[in-house]
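S.K.: Mind looking at a prediction? Sequence and model below.
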Amino acid sequence: MNELFVQKILIDWNKISSYSYLRDIPAINQVAKIDLDSAVTFFVGENGTGKSTLLEAIAVSCGFNPEGGSRNYSFSTYDSHSELCDAMTIAKGWKKISWGYFLRAESFYNVATKEMDYADAAHPSEKYHEKSHGESFLALAQNNFKPNGLYILDEPEAALSPQRQLTLLIEINRLAQQGAQFIIVTHSPILLGLPESRIWSLDDKQIHVCKYEDTESYQVMELFINNREALLKQLFIPSS
């Protein structure tokens, strides 16, 4: 057994309604088990392949609020999470999850607002709303990510410039070496470049381990950078 907090993700499809939309997501509708063997696990894939649905279920199954925050956060502005968490079992390692954070780009505003509500004299607010979106997003991560924690991130690059993505990459690498575990959904070829991480792709209608160079994020970015003029000329051909 490795030292990860989350060792395996198990799904019992008998607990999911036969009418559920989850059964119409090809990449996950037959998945019974996903083994985690790296301190940093990435899920990648085109929009609509089920990445965020899977990640959200993992987060809820690990005790996090569906909209994000630490495991102490308990609020709901819109109940949108799927029933996948009800059919999911998390096989945990020997280390107890004492701290963690679920950070998702789409509900960051709500989490930043709730952070103000939770603040008191002993725990003053960081006032994330007074910073730019990218600055506040990175500050929240830096303020809440610690060694030996579990961190679940949904498209963290959405708020960050390439330079800030590199800053986040440094933080992830540093903490992973200090006992932290990360499970991340991303389209960022910068974050995906982290050495010794494990990449699971949900493309090709199935979930499978993927090399960095085989991710569409890397391939599209490489194609654009190396062939920008020819690619744009091809893309902008007027339709007849």
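M.R.: Arrived safely, thanks for sending.
S.K.: now the helices for this structure?
M.R.: 51-61, 108-118, 133-144, 162-176, 216-226, 228-235 (DSSP state H).
S.K.: Name the residues of the first one that are buried.
M.R.: The one in question is helix 51-61. 51-61 (16 or more other Cβ atoms under 10 Å). C-betas here are computed from N, CA, C, even on glycine.
S.K.: And the helices of the chain: which comes nearest Trp99?
M.R.: helix 133-144 (8.5 Å; Cβ to Cβ).
S.K.: Return the list of helices and strands in contact with the closest one.
M.R.: strand 100-104, helix 108-118, helix 162-176 (3 or more Cβ pairs under 8 Å, 6 or more residues apart in numbering; DSSP states H and E).
S.K.: Out of those, name the one with the poorest average pLDDT.
M.R.: Across the helices and strands packed on helix 133-144, helix 108-118 has the smallest mean pLDDT, namely a mean of 59.
S.K.: Quick check: of the buried residues of helix 51-61, which lies closest to Ser20?
M.R.: The closest of the buried residues of helix 51-61, once distances to Ser20 are taken by Cβ to Cβ, is Thr53, at 11.0 Å.
S.K.: how about the nearest residue to that closest one, chain neighbours excluded?
M.R.: Excluding the flanking residues, the one nearest Thr53 by Cβ to Cβ, 6 or more residues apart in numbering is Ser82, at 5.6 Å.
S.K.: picking that back up, could you dump the helices of the chain to TSV with distance to Ile207?
M.R.: Output for the helices of the chain, formatted as TSV (distance: least, Cβ to Cβ, whole Å):
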stretch	distance to Ile207
helix 51-61	8
helix 108-118	27
helix 133-144	26
helix 162-176	22
helix 216-226	15
helix 228-235	29
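S.K.: Please work out which of the ones you listed is packed deepest.
M.R.: Ranked by mean neighbour count under mean count of other Cβ atoms under 10 Å, the helices of the chain are led by helix 51-61, which reaches a mean of 23.
S.K.: Show the average pLDDT along it.
M.R.: On average, helix 51-61 scores 92.
S.K.: That helix to strand 100-104, inter-axis angle?
M.R.: If you take axes from the mean of the first three to the mean of the last three Cα atoms, to 10 degrees, helix 51-61 sits at 150 degrees to strand 100-104.
S.K.: wait, what's in contact with Gly93?
M.R.: By Cβ atoms under 8 Å, 6 or more residues apart in numbering, Gly93 lies in contact with 1-7.
S.K.: Could you do Glu157 as well?
M.R.: 165, 168, 186-188, 190-191.
S.K.: residues contacting the residue nearest to it when sequence neighbours are not counted?
M.R.: Ranked by Cβ to Cβ, 6+ apart and with sequence neighbours excluded, the top spatial neighbour of Glu157 is Ser188, at 3.8 Å. Taking Cβ under 8 Å, 6+ apart, we find Ser188 in contact with 156-157, 165, 217.
S.K.: One more: Gly63?
M.R.: Taking Cβ under 8 Å, 6+ apart as the test, what Gly63 contacts is 71, 97.
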